[in-house]
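Participant: pasted the sequence and its predicted model underneath.
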Amino acid sequence: MLTSTMARYLCAVFLYLLTSHALSEVYQWTDKSGRTHFGDRPPEKASSENISERLNQINITSDYSSPELMLLHQQNKDAEAKKRREAWQEKQKNSPTQDEKCQKARQHLNTITGPVVFVDEHGNDLKISEETRKQRVKILKDTIRKHCQ
């Protein structure tokens, strides 16, 4: 008669043998028309590359031996993704809307349409030619036409 320890051991051996087949080799090859194929056996008429080692580096089952560790790993990945999503949403809240950007562009266009003196971030006058000013006006008009209603 099997004891519970012995039954657990046999079950573990059975599961190991079952999963070891799932960890078989993976081959990659490209056919004559340029399409890439993957399979568990190399093709007979084409050269192929065994990519099993590269896949094992990214395959979660090669790094985590128990379902509990795999679950913990997935929960950590989900938590990180949630943090990144929340950070992105917060950044979106603080960034100007498209209407605000358009309004700012129109104000800037009105400012540089007539005679104007450009200044840098330190308040010093910048020497900008009339041709450069006209180019900036044209770029702003094009941008407003493309992105604003």
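Facilitator: Looks like it arrived, so ask away. Residues are numbered from 1 along each chain as shown.
Participant: now the strands for the chain?
Facilitator: Listed in chain order, the strands found in the chain under DSSP state E are 27-30, 36-39, 49-50, 118-119, 125-126.
Participant: kindly report the domain assignment for this protein.
Facilitator: With domains defined by automatic domain parsing, the chain comprises 23-63, 65-95, 96-147.
Participant: now do the first one: distance to the chain's middle.
Facilitator: In this case it means domain 23-63. 24 Å (Cα atoms, centre = their mean, to the nearest Å).
Participant: low-confidence ranges, the chain, go.
Facilitator: For the chain, applying pLDDT under 70 flags the ranges 1-24, 55-65.
Participant: can you give me the helices for it?
Facilitator: Under the criterion DSSP state H, helices of the chain are mapped to 4-22, 52-58, 60-63, 67-94, 98-113, 130-147.
Participant: quick one: which of the ones you listed is nearest Arg35?
Facilitator: Taking Cβ to Cβ, helix 52-58 is the member of those nearest to Arg35, at 19.5 Å. Using the backbone N, CA and C atoms, a C-beta is placed for each residue, glycine as well.
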